[in-house]
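Participant: Have a look at this prediction, sequence included:
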Amino acid sequence: MLKTRQRILGIDPGSRSTGYGIIDSDGFRHRYIDSGFIAVSGDDFPQRLSNIFSQLSQVIARCQPQCAGIEQVFVNKNIDSALKLGQARGAAICAAAQAGLAIGEYTPRAIKKAVVGNGSADKQQIQQMMKILLKLDFLPQSDEADALAIAVCHANHMPLKRAGIATQVRGGRWR
């Protein structure tokens, strides 16, 4: 038997914009709570990382999630961008870990497959699917939609984890 609903924070890390999405879920049914993005500007990279950490910490304190899901970093052609993304991801993980949240990590492909059914889905498909799945009366901004998709992906894996079926999932892992 499943526990009661859990509040889940989804995090889409970025060094210029970090999306967050919060849902309540029992692993099957999801209810929208809050979402948005942290727009970080400026050339001082350490200060941008500090802003991600502090603003995400404020979101966590305000919404009180019990666990979090975050996107794993993938390396494309630009190594410098991947390194900066990894550092932004680290700041976000630190904010969640400091709040005592269990964190699940998921590849972009696993997230897209979990919410759209296609690991190659584009940004617009994710936005539309989040609007439909969470019964939103607005189309979420791209980073915000990605973060909500990460929260839904994490929620979809909760019943498996609770049942002891898996400690590692394809395309993602739990910490």
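Facilitator: Ah, there it is.
Participant: shaky segments in this protein?
Facilitator: 1-3, 159-175 (pLDDT under 70).
Participant: Could I get the full set of helices for it?
Facilitator: In the chain, the helices defined using DSSP state H lie at 45-63, 79-98, 108-116, 123-133, 142-162.
Participant: Return the most buried member of the ones you listed.
Facilitator: Among the helices of the chain, helix 142-162 has the highest mean neighbour count (mean count of other C-beta atoms under 10 Å), at a mean of 24. Using the backbone N, CA and C atoms, a C-beta is placed for each residue, glycine as well.
Participant: From the chain's centre, how far out is that one? Work that out for me.
Facilitator: 7 Å (C-alpha atoms, centre = their mean, to the nearest Å).
Participant: repeat for stretch 83-93
Facilitator: Centroid separation for stretch 83-93 versus its chain: 13 Å, with C-alpha atoms, centre = their mean.
Participant: circling back: make JSON lines out of the helices of the chain and add distance to residue 20.
Facilitator: Output for the helices of the chain, formatted as JSON lines (distance: least, C-beta to C-beta, whole Å):
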{"stretch": "helix 45-63", "distance to residue 20": "5"}
{"stretch": "helix 79-98", "distance to residue 20": "9"}
{"stretch": "helix 108-116", "distance to residue 20": "14"}
{"stretch": "helix 123-133", "distance to residue 20": "13"}
{"stretch": "helix 142-162", "distance to residue 20": "5"}
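Participant: Among those, which comes closest to residue 29?
Facilitator: Ranking those by proximity to residue 29 (C-beta to C-beta) places helix 142-162 first, at 9.1 Å.
Participant: circling back: to residue 4, which of the helices of the chain lies closest?
Facilitator: helix 142-162 (11.6 Å).
Participant: surely residue 110 meets residue 152?
Facilitator: No. At 11.6 Å, residue 110 does not count as touching residue 152 under the criterion of C-beta atoms under 8 Å.
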